[in-house]
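*Asks:* fold the following, please.
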Amino acid sequence: MSKSFLNTYDSFSECIGNTPLIKLKKISEQTGCNIYGKCEFLNPGGSIKDRAALQIIKDALKSNKIKSGGTIVEGTAGNTGIGLSLVGNSLGMKSVIVIPKTQSEEKKDMLRLCGADLREVEALPYKDPGNYVRYSETLAKEIKNDNGVFWANQFDNVSNKKAHYLSTGPEIWKQLDEKVDAFICSVGTGGTLSGVNQFLREKNKNVIIGIADPLGSALYNYYKHGELKAEGSSITEGIGQGRITKNLEGLNLDESFQINDNEALEQVFDLLRNEGLVLGGSSGINIVGAKKLAEKMGPGKTIVTILCDYGTRYQKKIFNKEFLKSKNLTFPDWL
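*Replies:* You can find the predicted model right below:
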C-alpha cells in the first residue's frame, strides 16, 4: 500500500515523496489545458532534492561505500546538501557540504542548522579545479573516516535519475489515472527530467517531454540546435547546466524553451498573490515552460511540471525589492 500524508512513518526517510499534484488555475484557464505542479516543496527537507539524496545514500549503503558513522561529501547549490544532511542525520552520518558563495543565505543557514560542515567557495566554471563540484571530490579524497567517506556526486551519480524513475514518475502516472500528455521541467543535474522521462515513456511512448531552461544555461541550445552554447544570466539557483552530465546522457527531448528571469518572477509573484503558493525561482521557470508547452500543444492536454522548493529559501533575493531593482528585474507592488 502506498504511503500518504494520513499514514504513520517509522523514519524521516519514509516521509520523502508521495507529494500532491496541484492544478495551476490561472495558466490552465489561459491555455485551456490542465497544468499541474508536483508539490516537491512538501518533502521534509523542503525540496525535490530529498528524493535524490535518499536514493544516493540508499545505494551507497547497499554497495558498502558508507555505513552509519560515515561522512557524506557533496558540492551543491544548497537543496541537495540539505537533503543529504537530513537523511544522513537520520542514519547517523556526518555531512561536509561545499557551496558557491553566490547561493542564498537562507540555504546556507539551513545547512548550518542541519549540522553540516559547510565550506563556501568562489563560483567558478566546472573546468576550474576550484569549482564547487570538483573541489568536493578533492575534499572527499582528503577526509578520513573508518566508517567510510562517500562523495555523493549528484551530477554524475545515476542513483539521482533512478530516484525519479522509481518514485516521481510513477507517482505522477498514478495521480493522474495514467492520463499524462506532457512533462516539462528545468535541469540542474538532469536527474528529475531524465528519470521521469524514462518512466513516462515506458508507459506511453507518445508523451511529450520538454526542458525549461534559464538564461545562462547551455541546454536550451543543445536540445534545440545540437550545440552546448550559453547566453545571458539568471538569478535562479540550482538549475542551468553547461555540460551533459551522466544523468542527462541518452536523453532525447521533444521541446526546448529558454525562459528569462522576468517571465519566471511574474509567475512566482502571481502564484503567491492569487493561488497562495510561495515558490522559488526554479519553479517559476518550470511554470513558464509548462505554459509555453501548453500553448504549443493546444487546449485539452494534461501537462505536469515541478514545484521545486519554497520561496522562503530565496527571500533576500527574489522577494527583496532593492535586489530586484539592482538587477533591473520586475517586482510586485506589495514589496
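
*Asks:* can you show me the strands along the stretch 151-300 of the chain?
*Replies:* Secondary structure of the stretch 151-300 of the chain by DSSP state E, counting those that start in this stretch: the strands cover 182-185, 208-214, 255-259.

*Asks:* my read: Asn43 touches Asp50, true?
*Replies:* Yes - with contact defined as Cβ atoms under 8 Å, Asn43 counts as touching Asp50 (4.0 Å). In this view, the C-beta of every residue, glycine as well, is placed from N, C-alpha and C.

*Asks:* more neighbours: which of these two?
*Replies:* A count of neighbours by other Cβ atoms under 10 Å puts Asp50 above the other of Asn43 and Asp50, at 29 against 24.

*Asks:* let's verify that one: helix, strand, or coil?
*Replies:* For Asp50, the assignment made with DSSP: H, G, I helix; E, B strand; the rest coil gives helix.

*Asks:* let me see the contact set for it.
*Replies:* Asp50 makes contact with Ile16, Gly17, Asn43, Pro44, Gly83, Leu86, Val87, according to Cβ atoms under 8 Å, 6 or more residues apart in numbering.

*Asks:* will you turn those into a markdown table that also has secondary structure and pLDDT?
*Replies:* Compiled in a markdown table, these are given as follows (DSSP: H, G, I helix; E, B strand; the rest coil; pLDDT from 0 to 100):
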| residue | secondary structure | pLDDT |
| --- | --- | --- |
| Ile16 | coil | 97 |
| Gly17 | coil | 97 |
| Asn43 | coil | 98 |
| Pro44 | coil | 97 |
| Gly83 | helix | 98 |
| Leu86 | helix | 98 |
| Val87 | helix | 98 |
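
*Asks:* can you tell me which two in these are farthest apart?
*Replies:* Greatest spatial distance among the contacts of Asp50 (Cβ to Cβ): Gly17 and Leu86, at 14.0 Å.

*Asks:* of all the contacts of Asp50, which comes closest to Asp59?
*Replies:* Proximity of the contacts of Asp50 to Asp59 (Cβ to Cβ) peaks at Val87, which lies at 12.2 Å.

*Asks:* surely that closest one touches Ile57?
*Replies:* Yes - Val87 lies in contact with Ile57 (Cβ under 8 Å); the separation is 5.3 Å.

*Asks:* between Asn43 and Asp50, what contacts are shared?
*Replies:* By Cβ under 8 Å, 6+ apart, Asn43 and Asp50 have these common neighbours: Ile16, Gly17, Gly83.

*Asks:* got the phi and psi for the first one?
*Replies:* Backbone torsions for Ile16, taken as degrees, to the nearest 10, come to phi -80, psi 130.

*Asks:* contacting residues for the residue nearest to Ile303 when sequence neighbours are not counted?
*Replies:* Distances taken as Cβ to Cβ, 6 or more residues apart in numbering place Ala182 nearest to Ile303, at 4.5 Å, with adjacent residues excluded. Ala182 sits next to Val207, Ile208, Ile209, Gly210, Leu293, Met297, Lys301, Thr302, Ile303, Val304 when contact means Cβ under 8 Å, 6+ apart.

*Asks:* from these, which land in helices?
*Replies:* Leu293, Met297 (DSSP state H).

*Asks:* now tabulate the contacts of Ala182 in TSV and tack on neighbour count and distance to Tyr9.
*Replies:* Converted to TSV, these look like this (neighbours: other Cβ atoms under 10 Å; distance: Cβ to Cβ, whole Å):
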residue	neighbour count	distance to Tyr9
Val207	19	32
Ile208	19	35
Ile209	21	32
Gly210	25	34
Leu293	27	35
Met297	18	38
Lys301	19	35
Thr302	18	30
Ile303	26	31
Val304	27	25
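
*Asks:* so which of the contacts of Ala182 comes closest to Ala152?
*Replies:* Nearest member of the contacts of Ala182 to Ala152, counting by Cβ to Cβ, is Ile209, at 25.9 Å.

*Asks:* can you name the residues that contact the residue nearest to that closest one when sequence neighbours are not counted?
*Replies:* Once flanking residues are discounted, Ile209 sits nearest to Asn197: 4.8 Å by Cβ to Cβ, 6+ apart. Contact analysis of Asn197 by Cβ under 8 Å, 6+ apart lists Gly169, Phe183, Ile209, Leu251, Leu253.

*Asks:* out of these, which is most surrounded?
*Replies:* Phe183 (28 neighbours).

*Asks:* so how far is Val149 from it?
*Replies:* 36 Å (Cβ to Cβ, to the nearest Å).

*Asks:* could the contacts of Ala182 go into JSON lines alongside distance to Gln175 and pLDDT?
*Replies:* Formatted as JSON lines, those follow (distance: Cβ to Cβ, whole Å; pLDDT from 0 to 100):
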{"residue": "Val207", "distance to Gln175": "15", "pLDDT": "98"}
{"residue": "Ile208", "distance to Gln175": "18", "pLDDT": "98"}
{"residue": "Ile209", "distance to Gln175": "18", "pLDDT": "98"}
{"residue": "Gly210", "distance to Gln175": "20", "pLDDT": "98"}
{"residue": "Leu293", "distance to Gln175": "19", "pLDDT": "98"}
{"residue": "Met297", "distance to Gln175": "20", "pLDDT": "98"}
{"residue": "Lys301", "distance to Gln175": "16", "pLDDT": "98"}
{"residue": "Thr302", "distance to Gln175": "11", "pLDDT": "98"}
{"residue": "Ile303", "distance to Gln175": "13", "pLDDT": "99"}
{"residue": "Val304", "distance to Gln175": "9", "pLDDT": "99"}
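
*Asks:* thanks a lot, see you next time.
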